[in-house]
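**Q** Sequence first, predicted coordinates after that:
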Amino acid sequence: MAGSTDDWAVLDGHAAEAAPRLLGSLVVHEHPTEGRVGIRLTEVEAYQGPEDPGSHAHRGRTDRNQVMFGPSGHLYVYRIYGMHDCANIVCSPEGVGAGVLLRAGEVVEGLELARSRRPGASDRDLARGPARLARALGLDRSHGGADLRVGPVTLHLAAEPAGPVRTGPRVGLRLAADFPWRFWVDGDPTVSPYRPAAPKRRR
């Protein structure tokens, strides 16, 4: 694990302060039989519990989101559309319920293994989007609650992002869509395209 204990203290602050600090950091999954994949983070989104209507933790603790209320530096993994898993790093002090969604990154270790998990995808697109990133790393809901300090999934904090950081609205949200809590490395080709939420159809 890269970084000192003091570096990890950033995860105990507000999620919107922790999120840009994670850009350029490396998330590594050492699978016991398949091997190792490492992804350098290029895009993230912050979600800050009760003050954030876009957060899974906005209405309080549930069986689904309880990991978000635990100690920082752990994984919160949830499923979307009944088939895709997305990974978050828990931030803020215990009991708050905040996290940072890992939206996109560059595969820098285990390229062949990541390709086998995402057949047909270009190298740029292997982890370009939260569900693709989780798939390339080999993450699913069984990894929920994993301590990123000890493995098999680990976080290696970077000293700084590999380029200027930009910020803007989060992707696909209807609630709190104007919060500028999406952060990305400007000009990096692995950053996902921005898409606002589709208008809700009236019946």
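**A** Great, that's in hand. Numbering: from 1, shown residues only.

**Q** residues of stretch 87-106 that come out buried?
**A** 87-92, 96-106 (16 or more other CB atoms under 10 Å). C-beta coordinates here come from the backbone N, C-alpha and C atoms, glycine included.

**Q** Mind telling me which residue is nearest the centre of this protein?
**A** Leu102 (1.7 Å; CA atoms, centre = their mean).

**Q** which residues does that one contact?
**A** 27, 41, 44, 86-89, 130, 133-134 (CB atoms under 8 Å, 6 or more residues apart in numbering).

**Q** Try it again at 6 Å.
**A** Leu102 makes contact with 87, 133, according to CB atoms under 6 Å, 6 or more residues apart in numbering.

**Q** bridging residues for it?
**A** Val44 (DSSP bridges).

**Q** same check, this time on Val90
**A** Judged by DSSP bridges, the bridge partners of Val90 are Gly99.

**Q** on that earlier part again, quick one: the residue nearest to the centre of the chain from Pro161, how far?
**A** 14 Å (CB to CB, to the nearest Å).

**Q** do the same with Arg128
**A** In terms of CB to CB, Arg128 sits 17 Å off from Pro161.

**Q** Same drill for the two, tell me which one is more crowded.
**A** Arg128 (25 against 21; other CB atoms under 10 Å).

**Q** Hmm, Ala104 and the more buried one touching each other?
**A** Yes. Counting by CB atoms under 6 Å, Arg128 does reach Ala104; the two are 5.1 Å apart.

**Q** got any residues that touch both of these two?
**A** Counting by CB under 6 Å, 6+ apart, the residues touching both Arg128 and Ala104 are 190, 192.

**Q** Can you report phi and psi for Val165?
**A** phi -100, psi 130 (degrees, to the nearest 10).

**Q** so who does it touch?
**A** Taking CB under 6 Å, 6+ apart, one finds 20, 23, 183 in contact with Val165.

**Q** can you put these in JSON lines and add secondary structure, neighbour count and distance to Leu175?
**A** JSON lines is the format used below for the contacts of Val165 (DSSP: H, G, I helix; E, B strand; the rest coil; neighbours: other CB atoms under 10 Å; distance: CB to CB, whole Å):
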{"residue": "Pro20", "secondary structure": "helix", "neighbour count": "21", "distance to Leu175": "22"}
{"residue": "Leu23", "secondary structure": "coil", "neighbour count": "22", "distance to Leu175": "25"}
{"residue": "Phe183", "secondary structure": "strand", "neighbour count": "25", "distance to Leu175": "19"}
